[in-house]
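> Would you be able to build a 3D model of this:
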Amino acid sequence: MANPKRTRSRSPLGTKLRYEVLLRHGFRCFYCGYPSSAATLEMDHVVPHSRGGSDRPWNLVPACWECNSGKGASAPTPAMVERARDVYFGDEDLENRDCSECGIPHRFTPNEMYATGGVCRTCLFGEN
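Here you go, the predicted model:
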């Protein structure tokens, strides 16, 4: 008999959310730090769904295939959870800069500045 938890389907992560997670982490594997392209990095749940984790941005990190497959559904260490949340919530590295397209001031992380060339999310995603 199939495990009902295994057969339930989850909705895929949206492209915007995936890009924002990759951008926040500088297109690097959260676990080993290896830089990679968006196409080869997977989205990993720091706290796996099987352990009550959510699809919230602070629970998502980019991971290379090797690290993600090695982690599986293992429980994260408290330090791992804290590090993932620090990357998401920490703002000590934010810089006030004008968007290079619209000229409106925004706060960019160094990774966002590098990856987008200083273009804000509104200009990137066409949102208000």
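> Just want to check the distance between F125 and T40.
Separation of F125 from T40 (CB to CB, to the nearest Å) stands at 23 Å. Quick note: C-beta positions are derived from backbone N, CA and C, even for glycine.
> Could you list the domains of this protein?
Structural domains annotated on the chain: 13-90, 93-128, as defined by automatic domain parsing.
> Name the stretch among those that sits most buried.
With neighbours taken as mean count of other CB atoms under 10 Å, those reach their highest mean count in domain 13-90, at a mean of 16.
> If I look at W65, what pLDDT would I see?
Looking at W65, its pLDDT is 91.
> right, I mislabeled it, should have said D93
58.
> do the one 4 residues further on as well
At R97, the predicted lDDT confidence score is 80.
> so where's the protein uncertain?
1-11, 89-94, 110-111, 127-128 (pLDDT under 70).
> residue contacts, the residue nearest the centre of it?
Residue closest to the mean C-alpha point of the chain, counted by CA atoms, centre = their mean, is V21 at 2.1 Å. By CB atoms under 8 Å, 6 or more residues apart in numbering, V21 lies in contact with 43, 57, 60-62.
> and it, that's in a helix?
Yes - under DSSP: H, G, I helix; E, B strand; the rest coil, V21 sits within a helix.
> Give me the contacts around the helix ranked longest in the chain.
The longest helix of the chain (DSSP state H) is helix 78-89. With CB under 8 Å, 6+ apart as the test, helix 78-89 has contacts from 24-25, 30, 46-47, 57-59, 61.
> Can you give the distance from that helix to the centre of its chain?
From the chain centre to the centre of helix 78-89 is a distance of 12 Å (CA atoms, centre = their mean, to the nearest Å).
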